[in-house]
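Asks: kindly return the folded structure for what I paste below:
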Amino acid sequence: MPYKNSVFMLQPLWQQCIDTMEMLRRSSEAQSSVSTEIVLETELDRRMRLLKEKERRIESGVKDMDGFKRMQRCRDALSTLDRKGWPRSFHQKEFHDDFLRACARLFWKTEPKGQFNRDHQKILELNGWDHLAQEILVSTPRRFGKTISVSMFAAAIIFSAPSIEVWMQNHSRSFVPIWKRSF
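Replies: Numbering: from 1, shown residues only. Prediction:
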């Protein structure tokens, strides 16, 4: 019951704060003869506003990068997952390299038209690839980390590529789509 009593004790304090704010608003209106509105921002609203501002700054930073930097940022995000408690197996790292190869064009999505074609040979040379396949088939026995590998890569590419949409569908769960959009 102490929690219930503390809630009731906070209500009069909250009301006093609102009354004080209202009194300050009235006095400032009387002094300036201009009507001003005081907006009380909840802690959740403040956190959401700060999070959106941070996302806008990150997104604008990603848009300022070229395709090579975005691709490296995706690799860095995957290696961060390794360090933060989600170590990838040998096979998962192979999957991610193939996924990165298939999604290479997405990192140049916001570049000027034709930039990907101009950088194509350099992409192949820097990554040690002989071609860029756009389709991948992963066929391994159970417990090789296929599902978690796809989820890890989706998180990394959403983090690193601007204006990308990722659509994942798990066929074993009655076709429930999972969708995430990066703005």
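
Asks: can you give me the strands in the protein?
Replies: Here the chain has its strands, by DSSP state E, at 165-170, 176-181.

Asks: for these, which has the smallest mean pLDDT value?
Replies: Sorting the strands of the chain by mean pLDDT places strand 176-181 lowest, at a mean of 51.

Asks: for burial, what's the neighbour tally of His91?
Replies: A count of nearby residues for His91, using other CB atoms under 10 Å, gives 14. For every residue, glycine as well, the C-beta is placed using N, CA and C.

Asks: these two touch, right, it and Arg143?
Replies: No. The pair His91 / Arg143 is not scored as a contact, 10.3 Å apart, by CB atoms under 8 Å.

Asks: point out where the chain drops to low pLDDT.
Replies: 1-40, 57-64, 169-183 (pLDDT under 70).

Asks: same thing but 80
Replies: Applying pLDDT under 80 to the chain flags the ranges 1-41, 53-64, 162-163, 167-183.

Asks: tell me where it has helices.
Replies: With DSSP state H, the ranges of helices along the chain come out as 2-32, 43-63, 67-83, 90-102, 115-127, 146-160.

Asks: what is the third one packed up against?
Replies: The elements that helix 67-83 packs onto, with contact taken as 3 or more CB pairs under 8 Å, 6 or more residues apart in numbering; DSSP states H and E, are helix 90-102, helix 115-127, helix 146-160.

Asks: what residues of that helix count as buried?
Replies: Neighbour counts over helix 67-83 (16 or more other CB atoms under 10 Å) mark 67, 70-71, 73-74, 77-78, 81 as buried.
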